[in-house]
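Enquirer: Predicted model and sequence below, questions to follow.
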Amino acid sequence: MTDFRARSGSPESSRKAPPGLRGPIENRHGNTMIEFALIAPTLVVLLTNAVNFTALTWDQMEVDYSAQMGARAAYTTCSTGPLPASSNCAGLNNAVTAAVQSTALGTAITLATGSPAETYYCISGTTLASVGDYSSPPNPFDCSAAGNAGVTPGDYVEVDVTYSYAPTLAGLSFLSARTLTAKAMQRLQ
């Protein structure tokens, strides 16, 4: 008679070794936890930086938009009255401030010092060339300094805004706190 217990398919050969004597292949649950513990910090840092970069991009777009809204409010409020708007339009600063702070960032956006400001500009090719401000207007009052003497300078209002950005979980972020700025210009007349 043949002894079947010695064969590899016998019930005795398929028994598992005691927990302390198992090989690395049989103990896979512990390996998964160790691998996750090694990878998790890297994933947290990557996800935190992805969120911070997205927030920075969004905030910069909102800052740009708020400057544009402020310049548009200056035009809407003061373009029909006498110029310069900075001294003849009583509601200029309130209208610009309200428009700038109407975006998603709210009152965290502030007008830069000296904003809104008015300046005379002339078109020079594809750019605007400053030819004077209200304290010293162009003399003669034309665009000869920009190479187009037959044109009257335009009255432009400039709105400059600032916003303080701070990353979420700054200790894990590759980004640092910074001040975001934007500028928008609108021709009043």
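Expert: In hand now; what should we look at? Residues are numbered from 1 along each chain as shown.

Enquirer: Show me which residues of the lowest-mean-pLDDT helix or strand in the chain are buried.
Expert: Using mean pLDDT, DSSP states H and E, helix 85-88 stands out as the lowest-scoring helix or strand of the chain, at a mean of 83. Taking 16 or more other Cβ atoms under 10 Å as the neighbour-count basis, helix 85-88 is seen to contain the buried residues 85-86. Where C-beta positions appear, they are placed from N, C-alpha and C, glycine not excepted.

Enquirer: helices or strands up against it?
Expert: Based on contacts counted as 3 or more Cβ pairs under 8 Å, 6 or more residues apart in numbering; DSSP states H and E, the elements that helix 85-88 packs against are helix 28-78, strand 117-124, strand 154-165.

Enquirer: Measure how the helix or strand containing S130 sits relative to strand 117-124, angle-wise.
Expert: Using DSSP states H and E, S130 maps to strand 127-133. Orientation note: strand 127-133 sits at an angle of 130 degrees relative to strand 117-124 (axes from the mean of the first three to the mean of the last three Cα atoms, to 10 degrees).

Enquirer: Strand partners (parallel or antiparallel) of strand 127-133?
Expert: Paired strands of strand 127-133, with direction, are strand 117-124 (antiparallel) (DSSP bridges).

Enquirer: For the partner strand, which outside residues touch it?
Expert: With contacts defined as Cβ atoms under 8 Å, 6 or more residues apart in numbering, strand 117-124 is touched by 83-86, 128-134, 137-138, 143, 145-148, 151, 153-158, 160, 185, 187-188.

Enquirer: repeat for stretch 134-142
Expert: Residues outside stretch 134-142 that contact it (Cβ under 8 Å, 6+ apart) are 84, 86-87, 118, 120, 131-132, 145, 148-153.

Enquirer: So which residue is dead centre in the chain?
Expert: Nearest residue to the geometric centre of the chain (Cα atoms, centre = their mean): Q60, 2.4 Å.

Enquirer: So that residue versus C78, what's the distance?
Expert: Between Q60 and C78 the distance is 28 Å, computed by Cβ to Cβ, to the nearest Å.

Enquirer: same question, V157
Expert: Counting by Cβ to Cβ, the gap between V157 and C78 amounts to 8 Å.

Enquirer: just Y165 next, same as before
Expert: Counting by Cβ to Cβ, the separation of Y165 from C78 is 31 Å.

Enquirer: And for G147?
Expert: 29 Å.

Enquirer: who's more crowded, those two?
Expert: Neighbours per residue (other Cβ atoms under 10 Å) separate G147 from C78, with C78 holding more: 27 against 12.

Enquirer: Can you read off the pLDDT for that one?
Expert: At C78 the predicted local confidence, pLDDT, stands at 88.
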